[in-house]
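Asker: 3D, please:
(one chain, ligands or ions: 2)
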Amino acid sequence: MQIAFDNSYARLPGRFFAPLAPTPVRAPSLIKVNDGLARDLGLDPAALTTPDGIAMLAGNQVPDGAAPLAQAYAGHQFGGWVPQLGDGRAVLLGEVIDQTGIRRDIQLKGSGPTPFSRRGDGRAWLGPVLREYVVSEAMHALGIPTTRALAAVTTGEQVHRERVLPGAVLTRVASSHIRVGTFQFFAARGDEEALKALTDHVIARHYPEAETPLDLLSAVVAAQARLIAKWMGVGFIHGVMNTDNMSIAGETIDYGPCAFMDDYHPDTVFSSIDRMGRYAYRKQPEIAVWNLAQFATALLPIMGMAHKDAVEVATRVIEGFADLFGAAWEAEFTAKLGLAQTEEEDVALTYDLLMRMAKGQADFTRVFRALSGENPENARTEFSDPTLFDAWLPRWQARILTTGRVARMQAANPAFIPRNHRVEEAIAAAVDGDYAPFERLTAVLVHPFRDQPEHVELMAAPAPEEIVQATFCGT
Ligand code: AMP
Ligand code: MG
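Answerer: Ligands and ions are numbered 1, 2, ... in the order given. Predicted structure coming up:
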């Protein structure tokens, strides 16, 4: 494999990472290569499917020019401070400059133990690998910033979880894997030199217009406000918004217990370990603020101001999230409802619809897609009590812009999302050796905004017996 690596993270001081190669696996076998992404990265997709390519994707061969390493980071998990986390089951192979000039990480996830593995085995099983492949690629197709999936392979080894399961490795691509927790790692150690080096690295890499740590904070706050508004607009619940799972580049990262809502309810939680509902759908903006406050705290010592002044200016930036998020959320839902521009009464109209959807156990995706059609009154059948919708419809109809409405709204409201029961079905089939449901799901989700009548079952909400009640952290 010839890959033009240029590994800027590996050039940072040694305490940023542990250099180490992935641990080889017994019998790698290819599940899928993402051809389009490979080409975007300047890689030959066909070369990735050769034995050498597969050996690389499984961690059995380190390609020339790679500088494999596990990154150090810390983080707050469910609000509790953990001074050392780090890549416990992932290895960054290196970075490439993609066809548009953007630097991208190529990382293997499930690649074996590292100095950061703590009690874990460093491996992943097939389920979370396929989940991340399907959902991260769906997010990308939905126009939401995210890490990507370049490839998935099985290892020919068993992984011991609640039961014995097939092992797998995901090749993840990201603008970077730098997290809020990366800054926290050094801040907690009082390592200002490292904080400065990390800040310079991140500014050069992601926010070249920023000149100071405070500018960086503002840029990250803005990126996260836009990102979370987009999650809300598709009914996405991240599920584990720990500070180590918040990307400084503003991409969605870590697809452990994530899920898309079927029936709309703002309190929806899927993650089996989120018993308090800390990361419920409606809590996501406030949790983002909490995480960004941790980021700000980590930056305080290098802001070049007296502590009190630094706290004051950083607090103002964090407080700015509310307006940035509010504007992004309104823009999102204005587009979803086919309205001309956001007026105060439109926001009330949106909230009112959402409240009626919650009352009427209406499917989030299906309601907005039905509203986008030629006959928006069809949305009424999504409500357990259709009169909840009937009372709202004429108020909306009085507000919408009719020219080009259907095309505009269909471009804002997906027909297809990776529904939990379909993801679970694809995983269960794959464990039995049948990858057809996974292939179909990934193919359909490349065009989520397109009607695909031959795949109408994948648009359907789950039948009562198909509803997935809980998702599990993908370890
Ligand atoms: P996550 O819940 O995926 O955000 O992971 C939290 C931390 O646990 C990170 O430091 C991971 O690297 C680590 N971790 C998760 N699963 C494993 C595993 N199977 N082996 C080693 N470390 C793991
Ligand atoms: Mg994580």
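
Asker: list the buried residues of stretch 58-74.
Answerer: The neighbour-count check on stretch 58-74 (16 or more other Cβ atoms under 10 Å) flags 58-63, 66-74 as buried. Quick note: C-beta positions are derived from backbone N, CA and C, even for glycine.

Asker: of the residues you listed, closest to ligand 1?
Answerer: Checking the buried residues of stretch 58-74 against ligand 1 with Cβ to the nearest ligand atom, the nearest one is residue 73 at 7.4 Å.

Asker: so who does that closest one touch?
Answerer: For residue 73, the contact set (Cβ atoms under 8 Å, 6 or more residues apart in numbering) comprises 85-87, 179, 181-182, 184-185, 244.

Asker: can you tell me which of these is nearest residue 8?
Answerer: Nearest to residue 8 among these, counting by Cβ to Cβ, is residue 182 at 14.1 Å.

Asker: do the strand or helix carrying that closest one and ligand 1 meet?
Answerer: Per DSSP states H and E, residue 182 falls inside helix 180-188. No - judged by Cβ under 6 Å from any ligand atom, helix 180-188 makes no contact with ligand 1; its nearest approach is 8.7 Å.

Asker: contacts for that helix, please.
Answerer: Here helix 180-188 makes contact (Cβ under 8 Å, 6+ apart) with 71-76, 81, 83-86, 192, 194-195, 198, 242-246, 248, 291-292, 294-295, 297-299, 301.

Asker: now do 7 Å
Answerer: Residues outside helix 180-188 that contact it (Cβ atoms under 7 Å, 6 or more residues apart in numbering) are 71-75, 83, 85, 194-195, 198, 243-244, 246, 248, 291, 294-295, 298-299, 301.

Asker: next structured bit after that helix?
Answerer: Downstream of helix 180-188, the next assigned helix or strand under DSSP H and E is helix 192-206.

Asker: list the buried residues of the following helix or strand past that following helix.
Answerer: Counting by DSSP H and E, the element after helix 192-206 in chain order, helix or strand, is helix 213-234. For helix 213-234, burial by neighbour count (16+ other Cβ under 10 Å) applies to 213-214, 216-234.

Asker: of the contacts of helix 180-188, which belong to helices?
Answerer: Within the contacts of helix 180-188, residues falling in helices by DSSP state H are 194-195, 198, 291, 294-295, 298-299.

Asker: flag every residue of the stretch 201-350 of the chain that's near ligand 1.
Answerer: Listed as neighbours of ligand 1 in the stretch 201-350 of the chain under the rule Cβ under 6 Å from any ligand atom: 240, 244-245, 254, 256.

Asker: tell me the one among the residues you listed nearest to residue 390.
Answerer: Distance to residue 390 across these (Cβ to Cβ) is lowest for residue 240, with 38.8 Å.

Asker: hang on, that closest one in a helix?
Answerer: No - counting by DSSP: H, G, I helix; E, B strand; the rest coil, residue 240 is not found in a helix; it is coil.

Asker: how much space separates it from ligand 2?
Answerer: Separation of residue 240 from ligand 2 (Cβ to the ion, to the nearest Å) stands at 7 Å.

Asker: turn the contacts of residue 73 into TSV, including pLDDT and distance to ligand 2.
Answerer: As requested, the contacts of residue 73 are exported to TSV (pLDDT from 0 to 100; distance: Cβ to the ion, whole Å):
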residue	pLDDT	distance to ligand 2
85	98	8
86	98	10
87	98	9
179	98	8
181	98	9
182	99	12
184	98	13
185	98	13
244	98	5
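
Asker: which pair of those spans the longest distance?
Answerer: Taking Cβ to Cβ, the two most distant members of the contacts of residue 73 are 87 and 184; they sit 15.2 Å apart.

Asker: next up, phi/psi of the residue nearest to the spatial centre of the chain, please.
Answerer: Taking Cα atoms, centre = their mean, the centroid of the chain lies closest to residue 252, which sits 2.7 Å from it. Per-residue torsions, residue 252: phi -70, psi 130 (degrees, to the nearest 10).

Asker: for it, which non-adjacent residue is spatially closest?
Answerer: The spatially closest residue to residue 252, leaving aside those adjacent along the chain, is residue 146, at 4.1 Å (Cβ to Cβ, 6 or more residues apart in numbering).

Asker: any low-confidence regions in this structure?
Answerer: The chain contains residues with pLDDT under 70 at 473-475.

Asker: residues contacting the longest strand along it, please?
Answerer: The single longest strand within the chain, with elements called by DSSP state E, is strand 148-160. Strand 148-160 has contacts (Cβ under 7 Å, 6+ apart) with 25-34, 37-38, 48, 54, 57-58, 106, 121, 123, 125-126, 129-130, 132-133, 136-137, 140, 164-173.

Asker: export that strand to CSV, keeping only CA atoms.
Answerer: The C-alpha coordinates for strand 148-160 follow below in CSV (Å, rounded to 0.1, in the frame of the first residue of the first chain):
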residue,chain,number,x,y,z
ARG,A,148,-16.2,8.5,8.6
ALA,A,149,-15.9,4.8,8.0
LEU,A,150,-13.3,3.8,5.5
ALA,A,151,-13.5,0.0,5.9
ALA,A,152,-14.5,-2.8,8.2
VAL,A,153,-12.8,-6.2,8.5
THR,A,154,-13.4,-9.3,10.7
THR,A,155,-10.4,-10.6,12.6
GLY,A,156,-11.0,-14.3,12.6
GLU,A,157,-10.7,-14.0,16.4
GLN,A,158,-13.3,-14.2,19.1
VAL,A,159,-14.1,-11.4,21.5
HIS,A,160,-15.5,-12.2,24.9
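
Asker: show me what counts as buried in it.
Answerer: Under the neighbour-count criterion of 16+ other Cβ under 10 Å, strand 148-160 has 148-155, 159 buried.

Asker: how much space separates residue 452 from residue 2?
Answerer: Distance, residue 452 to residue 2, using Cβ to Cβ, to the nearest Å: 37 Å.
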